[in-house]
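*Asks:* fold the following and give me the result.
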Amino acid sequence: MAELIVALDMPEVDAGIRLARSLRGTVRWVKIGLEMFVLGGPQCVATYKDMGFQVFLDLKMYDIPNTVASAVSAAARMGVDMLTLHTQGGEAMCRAARAALEACAGPRPLLFGVTVLTSMGPGDLPAFSGDMGALAVRLAQGAQEWGLDGVVCSGHEVRTIKEACSGLRCLTPGIRPASAAANDQKRVMTPAAAVQAGSDFLVVGRPITRAENPVRAAEDILRDMGS
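*Replies:* Numbers count the residues shown, from 1 in each chain. Modelled structure (predicted):
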């Protein structure tokens, strides 16, 4: 069954903590992205873990293999349950990250590779004018070969990726309820459609975090997912 991850992309650490407290018992997963991690650092991970959440650290790492390997090792020691890097960093970087996690003591976090950002549409990716969906599938095939647990992709690519990469998990951002604005996302999908396509994790931020009643908004999305 697909799981909902709430993206705590908030302008203040305390605001994220207050929201997370209200969501306890409704959702299992929270996402710490660049904004929240820059604001609060590793203490954010410890805080949400202490609150009983599974923590998805979404920093989309992309650097030389040695640097990424060291960074994912540090993330594992923080106790995160899932983390991301960019598959466009290539085979050596992805394999180094996986090897670093295998060498860590304790539970190993899931390692997901970002394919193509859901904020990107045709013509937005520099030096690339081809089909975004086809590129996402090729990167997913690489991710599976290089030992990653799953990929981050648009809901529009999930079905094709699942057909091409048996057993690879898909995490889908750009999730918007039918009545919600797309904001800066371009390749969006409703919760029900993403689950039907085969997504394993759905990441939702603003439709929950900016809702008048975030708990009710999360419950509505879970209901739409069939959870």
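
*Asks:* give me the contacts around the lengthiest strand in the chain.
*Replies:* Secondary structure of the chain read by DSSP state E shows that its longest strand is strand 54-61. Outside strand 54-61, the residues that touch it by Cβ atoms under 8 Å, 6 or more residues apart in numbering are 5, 7, 28-34, 37, 45, 48-49, 68, 71-72, 75, 78-86, 89, 97, 109, 114, 201, 203. Every C-beta, even on glycine, is put in place using the N, C-alpha and C of the backbone.

*Asks:* buried set for stretch 78-90?
*Replies:* The neighbour-count check on stretch 78-90 (16 or more other Cβ atoms under 10 Å) flags 78-89 as buried.

*Asks:* should've said stretch 3-19
*Replies:* Within stretch 3-19, the residues that qualify as buried by neighbour count (16+ other Cβ under 10 Å) are 3-10, 13, 16-17, 19.

*Asks:* widest-spaced pair of the residues you listed?
*Replies:* For the buried residues of stretch 3-19, with distances taken as Cβ to Cβ, the pair at the greatest spread is Glu3 and Val13 (24.3 Å).

*Asks:* using CSV, lay out the buried residues of stretch 78-90 together with distance to Leu125, pLDDT and secondary structure.
*Replies:* Rendered in CSV, the data for those read as follows (distance: Cβ to Cβ, whole Å; pLDDT from 0 to 100; DSSP: H, G, I helix; E, B strand; the rest coil):
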residue, distance to Leu125, pLDDT, secondary structure
Met78, 31, 95, helix
Gly79, 34, 96, coil
Val80, 28, 97, coil
Asp81, 30, 98, coil
Met82, 25, 98, strand
Leu83, 23, 98, strand
Thr84, 18, 98, strand
Leu85, 18, 98, strand
His86, 12, 97, strand
Thr87, 13, 97, helix
Gln88, 9, 93, helix
Gly89, 15, 96, helix
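
*Asks:* for stretch 94-101, output the C-alpha coordinates as CSV.
*Replies:* Provided in CSV are the C-alpha atoms of stretch 94-101 (Å, rounded to 0.1, in the frame of the first residue of the first chain):
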residue,chain,number,x,y,z
CYS,A,94,25.4,6.2,-7.2
ARG,A,95,27.4,3.0,-6.6
ALA,A,96,29.7,4.9,-4.1
ALA,A,97,26.6,6.0,-2.2
ARG,A,98,25.2,2.5,-2.0
ALA,A,99,28.5,1.1,-0.9
ALA,A,100,28.8,3.7,1.8
LEU,A,101,25.4,2.7,3.2
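
*Asks:* may I see the buried residues of it?
*Replies:* Buried, per 16+ other Cβ under 10 Å, within stretch 94-101: 94-98, 100-101.
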